[in-house]
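Student: just coords:
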């Protein structure tokens, strides 16, 4: 079993990352080494239980969430191409999620539905038993209760986004309890998230001692409420009619009304997060600009925000520091691996050319890229256009034949192998995708582990830009949008037409949160035409012609001087059906005849 360390400063727990691990605190035991009494006998063992609850809860949507192998949500969101053809991800691309699993690959939804309630139970066991710890103060026990409430709210927030209304559990259930819990309505689920997040906020401290860095603070619990409310306001839920009829159960997936008040509720919650953050040492990192002024340190500031552990822009992160973590993200999140150690990617995942046009040039204008059917362009054209891209693109990607921009001068990041070999029609082309992801590795050098951000301050400004635009306040929408846009080194957006500004805000979301497990949900909850080349439909990738040796073999595919030309072409079609706006529940749950399946499955 591969072991790793889930680390919240001051709390360490060694945990297996494979499915063979024992669920710590999964159930009370009357015999054996681990019991409720032994776990909560002392601060040391209780804090191990707290760390275990963090690890199991916050992994949702990430590589160890037991939902998708060989690629994250990026591979099914239209950001990236998928990897190996045997993987669950490839099966999803061809047929979408289904109530029954994909054999040994297990995925029926994007978060493995049963894991949600294992995580919720673990948090409630800690919440209900922390008072037994003899060597903790009453204040400290109250903080732990706040943390556990926040973890429950976090899981329910994500469940609502994945499924709509879900069964509500309010305690650690025992065999004496009625386990036949039906789905709550969408409104009841949202109300539970807001109530639980508010209770967590009231119980949590504003800060922790340095040795406990990484644990929930008030602002992180407030962020759960803010995110839940923005999703409640978006068109998928905030509608008089559901995306597909569920008959008399449509209130499980739709509020049944389109209410502007939901946007105002989201505004209040997100403003509250920013106000709290500004008063407690958190905020957007912008060291080279200001309101209306493009940031001259854009790559460094954005790169720090996404890649450097414990920076001031991150309210909450998944703090798994594993020396072998890059291997998991090679399979689950297509990050460039370090060439100096000979660890090249063995999959085909790279940015789709469908997604590339969302990025700006470094002057804020649109870049021009080849389209399918266009004649191949010289490699130098690719090189020049890549060099002209905005700082966020360069911080998050390594272009074919170009040293990584986000680790300049570092030998570990030179001549990255962009793919595993020739491909495409006739076998005489090279390359999959626009560029390989290097997100989370700004200035990393030889560091292979990283801490994926869960709540980053840019999110709340973009939430406000979106919400203010929907209530018709373009001035406030632009004010918040440009906090993020200017930090990226780009000139201010000035568009005031609501429809056009909505598209610009959605574009900013796509760029700022590329490969951060947002877009899969955003494009669904915005009710975009996902099947039209966004997350489904024709998927395109750049292909590269490579020079050959006299014997017909290919010259080095790493060196830019051997890359002759490139072009864009469709390489596969991704399945889309409107039922996929929400995930299915596992058929084994439906067969119990307790909960109602989402429509279309």
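Tutor: Cool, the structure landed. Bear in mind the structure is a predicted one, so any value in this text is a computation, not a measurement. Numbering: from 1, shown residues only.

Student: And the chain, what are its domain boundaries?
Tutor: 3-69+112-283+582-590, 327-445+533-574 (automatic domain parsing).

Student: And stretch 370-386, how far out from the chain middle?
Tutor: 31 Å (C-alpha atoms, centre = their mean, to the nearest Å).

Student: what do you get for stretch 372-389?
Tutor: 30 Å.

Student: What are the contacting residues of that stretch?
Tutor: Stretch 372-389 is contacted from outside by 359-362, 367-370, 399-402, 435, 540, 542, 544-545, 560, 563-570, using C-beta atoms under 8 Å, 6 or more residues apart in numbering. All C-beta atoms are positioned from the backbone trio N, CA, C, and that covers glycine.

Student: if we can go back for a sec, so which of the domains of the chain gets nearest residue 455?
Tutor: domain 3-69+112-283+582-590 (4.3 Å; C-beta to C-beta).

Student: Now list the buried members of the contacts of stretch 372-389.
Tutor: 359-360, 362, 367, 369-370, 399-402, 435, 540, 542, 544-545, 560, 563-569 (16 or more other C-beta atoms under 10 Å).

Student: Out of these, list just those in helices.
Tutor: Among the buried ones among the contacts of stretch 372-389, DSSP state H puts none in helices.

Student: Give the closest residue to residue 576 in space, chain neighbours not counted.
Tutor: The shortest distance from residue 576 to any non-neighbouring residue, by C-beta to C-beta, 6 or more residues apart in numbering, is to residue 536 (2.6 Å).

Student: my bad, should have said residue 301
Tutor: That would be residue 285: by C-beta to C-beta, 6+ apart, it lies 4.4 Å from residue 301.

Student: hmm, back to that, mean pLDDT for the domains of the chain: which is lowest?
Tutor: With a mean of 78, domain 327-445+533-574 has the lowest mean pLDDT of those.

Student: Any idea how far it is from the middle of the chain?
Tutor: 22 Å.

Student: Angles on the backbone of the most centrally placed residue in the chain, please.
Tutor: Compute the mean C-alpha point of the chain, and by C-alpha atoms, centre = their mean the closest residue is residue 517, 1.9 Å away. Torsion angles at residue 517 (phi, psi; degrees, to the nearest 10) stand at phi 60, psi 40.

Student: how close does it get to residue 173?
Tutor: Distance from residue 517 to residue 173, counting by C-beta to C-beta, to the nearest Å: 29 Å.

Student: Residue 228 contacts residue 158, doesn't it?
Tutor: No: taking contacts as C-beta atoms under 8 Å, residue 228 lies outside contact range of residue 158: 9.3 Å.

Student: quick one, helices of the stretch 451-600 of the chain?
Tutor: Secondary structure of the stretch 451-600 of the chain, counting by DSSP state H, counting those that start in this stretch: helices at 458-470, 474-487, 498-512, 519-525, 587-590.

Student: what's around residue 536, how many residues?
Tutor: Using other C-beta atoms under 10 Å, residue 536 has 21 other residues around it.

Student: repeat for residue 549
Tutor: Residue 549, neighbours per other C-beta under 10 Å, totals 10.

Student: ditto for residue 198
Tutor: Residue 198: 16 surrounding residues under other C-beta under 10 Å.

Student: How about it, nearest residue that isn't a chain neighbour?
Tutor: residue 225 (6.7 Å).

Student: Could you pull up the residues touching the one you found?
Tutor: Neighbours of residue 225 in contact, by C-beta under 8 Å, 6+ apart: 153, 193-194, 197-198, 201, 269.

Student: Just give me the closest of those residues to residue 577.
Tutor: residue 193 (27.8 Å).

Student: would the closest one count as being in a helix?
Tutor: Yes: according to DSSP: H, G, I helix; E, B strand; the rest coil, residue 193 belongs to a helix.

Student: Please determine how far it is located from residue 184.
Tutor: Residue 193 is 11 Å from residue 184, by C-beta to C-beta.

Student: Look at these two and report which has more neighbours.
Tutor: residue 193 (27 against 20).

Student: The more buried one against residue 227, yeah?
Tutor: No: using C-beta under 8 Å, residue 193 is not in contact with residue 227, being 9.3 Å away.

Student: what touches both of these two?
Tutor: residue 157.

Student: just to revisit the earlier point, state the pLDDT value of the residue nearest to the centre of the chain.
Tutor: So residue 517 comes in at 90 (pLDDT).

Student: so it touches residue 75, yeah?
Tutor: No: the pair residue 517 / residue 75 is not scored as a contact, 11.1 Å apart, by C-beta under 8 Å.

Student: shared neighbours, residue 228 and residue 158?
Tutor: Common neighbours of residue 228 and residue 158 (C-beta under 8 Å, 6+ apart) do not exist.

Student: Any buried residues in the strand or helix carrying residue 140, and which?
Tutor: Using DSSP states H and E, residue 140 sits in helix 138-163. By neighbour count with 16+ other C-beta under 10 Å, helix 138-163 contains the buried residues 140-163.

Student: How far away from the center of its chain is it?
Tutor: 19 Å.

Student: quick one, helices of the stretch 1-150 of the chain?
Tutor: 36-39, 43-58, 88-95, 113-129, 138-163.

Student: Touching, residue 134 and residue 45? I think so.
Tutor: No: in this structure, residue 134 is not within contact of residue 45 by C-beta under 8 Å, at 11.4 Å.

Student: For these two, indicate the residue with more neighbours.
Tutor: residue 45 (14 against 9).

Student: Spatially, what comes nearest to that one if we skip its sequence neighbours?
Tutor: Per C-beta to C-beta, 6+ apart, closest to residue 45 is residue 39, 5.2 Å.

Student: Tell me how many other residues crowd that neighbour.
Tutor: Residue 39 has 22 nearby residues by other C-beta under 10 Å.

Student: I'd guessed it sits against residue 47; true?
Tutor: No: shown here, residue 39 and residue 47 do not form a contact pair, counting by C-beta under 8 Å, at 10.1 Å.

Student: what is in contact with these two at once?
Tutor: With C-beta under 8 Å, 6+ apart, residue 39 and residue 47 have no common neighbours.

Student: next helix or strand past the one helix or strand residue 268 maps to?
Tutor: Using DSSP H and E, residue 268 falls within helix 261-278. Sequence order places helix 298-307 as the next helix or strand after helix 261-278, per DSSP H and E.

Student: Quick one: distance of that following helix to the chain centre.
Tutor: 17 Å.

Student: What is it packed up against?
Tutor: helix 391-396, strand 453-456, helix 474-487 (3 or more C-beta pairs under 8 Å, 6 or more residues apart in numbering; DSSP states H and E).

Student: With that, I have no additional questions.
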